[in-house]
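Visitor: Make a model of this:
(one chain, ligands or ions: 1)
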Amino acid sequence: MTFRNDLFLGRFGLKSRHEDADLGLGEPVSAMIGRRVCRNYGREEVSDGLLETLLAAAQSAPAKSDLQQYSIIVTEKAQQDRISAMIGSMPWIADASRFLVFCADMRRGQRICEIRGYDHVNNTLDTFMNATVDAAIAMMAFITAAGFKGLGTCPVSAVRAHMEAVCDLLGLPKGVYPVAGLTAGYPTDDGRFALRLPPSVVVHHGTYDDNDLENELRAYDVRRNRVQPIAPEKQMHLNDYGVSDDYGWTENTARRLSKRERDAFGAFIRGHGFDLD
Ligand SMILES: Cc1cc2nc3c(=O)[nH]c(=O)nc-3n(C[C@H](O)[C@H](O)[C@H](O)COP(=O)(O)O)c2cc1C
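Guide: This next block holds a predicted model:
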């Protein structure tokens with residue numbers, strides 16, 4: 001079996017459809033397809049110099065209209081531990097050498113307008129989204145660069161379950177909110193592939209088409225359960241829905257989406273300077 005097929009099999013549980021799909025061992029794009037989150041970190045520290053390089057890669061990401069509407073907080077160890085304790089269920093936050101928080105930042109633009117004597121009239125849903133996307137893309141650039149340097153990373157949106165406390169702890173003013181945290185450090189294991197939906201479901205040619213979704217999902221569940229079965233006691237919302245003997249990614253996803261998550265987010269964000277008009 002070729003390395004290329006190994007990668008496709010690992011990622012999708014499927015063989016690559018094209019013989020000339022262009023993947024070579026050691027190529028950056030192969031490393032990207034092989035990426036997985038890291039939740040187990042060793043004690044080796046990420047040096048300040050390496051961190052500076054990775055942050056430069058993050059800041060090299062594209063940004064909407066070159067407005068660069070995001071900020072990155074490099075947490076102190078005490079803040080990292082505090083956030084880990086707040087969340088409670090994710091010890092990898094404290095274990096990682098570094099914990100960053102990628103924030104959408106509308107405030108800087110507001111200040112720039114003030115400095116230059118203009119009214120900032122873009123406190124809108126569009127700005128909220130642009131700033132959020134900027135932060136997310138910068139985080140992904142950091143993740144990719146970190147992977148090339150042998151580091152593992154894990155995004156942590158759980159910081160948004162504690163918005164007020166996290167904003168307080170990091171001194172985030174109105175107009176700046178945490179999109180996601182990110183752990184970074186040297187991995188102690190290889191992690192494992194989380195099998196992705198097949199490209200036939202996610203990639204549409206010409207027009208959107210989900211006619212075969214149910215069949216595709218059934219086949220995806222079978223493939224995924226083969227390599228990543230979910231134990232009955234790990235099924236989601238067991239108390240409400242009980243144990244299903246037809247459990248896979250699809251049932252897990254449906255159960256997760258059947259309960260509202262982070263219900264207070266909208267109210268918090270409106271009270272934190274974003275009008276979302
Ligand atoms: C925006 C975002 C938020 C996430 N939040 C968390 C989190 O709070 N805790 C965590 O352990 N993993 C978190 N993850 C990691 C996902 O669970 C992980 O990417 C997914 O299970 C697929 O695994 P893989 O990245 O190894 O392929 C997050 C990922 C993203 C992109």
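
Visitor: For the longest strand seen in the chain, output the C-alpha coordinates as CSV.
Guide: Using DSSP state E to define each element, the chain has its longest strand at strand 176-185. In CSV, the C-alpha atoms belonging to strand 176-185 read as follows (Å, rounded to 0.1, in the frame of the first residue of the first chain):
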residue,chain,number,x,y,z
VAL,A,176,-12.9,41.7,22.3
TYR,A,177,-14.0,38.2,22.9
PRO,A,178,-12.3,34.8,23.1
VAL,A,179,-13.1,32.7,20.0
ALA,A,180,-11.1,29.7,21.2
GLY,A,181,-8.2,28.8,23.3
LEU,A,182,-5.3,26.7,22.0
THR,A,183,-3.0,24.3,23.8
ALA,A,184,0.5,23.8,22.3
GLY,A,185,3.3,21.5,23.4
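
Visitor: what's the distance between it and the middle of its chain?
Guide: How far strand 176-185 lies from its chain's middle: 9 Å, per CA atoms, centre = their mean, to the nearest Å.

Visitor: I'd assumed I72 was in contact with F102.
Guide: Yes: when contacts are counted by CB atoms under 8 Å, F102 is listed as touching I72 (5.6 Å). Every C-beta, even on glycine, is put in place using the N, C-alpha and C of the backbone.

Visitor: Show me which of these two is the more surrounded one.
Guide: Taking neighbours as other CB atoms under 10 Å, F102 and I72 compare with F102 leading, 27 against 17.

Visitor: quick one, phi/psi of the more buried one?
Guide: With angles defined as degrees, to the nearest 10, F102 shows backbone torsions of phi -90, psi 120.

Visitor: and the end-to-end length of stretch 89-103?
Guide: Here the two ends of stretch 89-103 are set 22 Å apart, with distance taken as CA to CA, to the nearest Å.

Visitor: ditto for stretch 188-200
Guide: Across its full length, stretch 188-200 reaches 34 Å between end residues, using CA to CA.

Visitor: is the ligand contacted by the longest strand of the chain?
Guide: Yes: contact between strand 176-185 and the ligand is present through A180 (criterion: CB under 6 Å from any ligand atom).

Visitor: Let me see the ranges of the strands in this protein.
Guide: When secondary structure is read from DSSP E, the chain shows strands at 70-74, 98-105, 152-156, 176-185.

Visitor: Reformat those as CSV; add mean pLDDT.
Guide: As requested, the strands of the chain are arranged in CSV below (pLDDT from 0 to 100):
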stretch, mean pLDDT
strand 70-74, 99
strand 98-105, 99
strand 152-156, 98
strand 176-185, 98
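
Visitor: and V46, which of these is closest to it?
Guide: Judged by CB to CB, the one of the strands of the chain that comes nearest to V46 is strand 98-105, at 5.1 Å.

Visitor: got the contact list for that closest one?
Guide: 46, 51, 69-75, 79-80, 83-84, 93, 128, 131-132, 134-136, 138-139, 142, 156, 159, 166, 170, 172, 175-185 (CB atoms under 8 Å, 6 or more residues apart in numbering).

Visitor: Might you enumerate the residues of the stretch 101-250 of the chain proximal to the ligand?
Guide: For the stretch 101-250 of the chain, the residues in contact with the ligand (CB under 6 Å from any ligand atom) are C154, P155, V156, S157, A158, A180, A194.

Visitor: Swap in 5 Å and give it another go.
Guide: When proximity is defined as CB under 5 Å from any ligand atom, the stretch 101-250 of the chain approaches the ligand at P155, V156, S157, A158, A180, A194.

Visitor: Out of those residues, the closest to I230 would be?
Guide: Proximity of these to I230, judged by CB to CB, is greatest for A194, which lies at 12.0 Å.

Visitor: any low-confidence regions in the stretch 1-150 of the chain?
Guide: For the stretch 1-150 of the chain, residues meeting the criterion pLDDT under 70 lie at 1-5, 22-26.

Visitor: Without its sequence neighbours, what residue ends up closest to A219?
Guide: Beyond its immediate neighbours in the sequence, the residue positioned closest to A219 (CB to CB, 6 or more residues apart in numbering) is P198, lying 7.7 Å away.

Visitor: what's the angle from the longest strand of the chain to strand 152-156?
Guide: 150 degrees (axes from the mean of the first three to the mean of the last three CA atoms, to 10 degrees).
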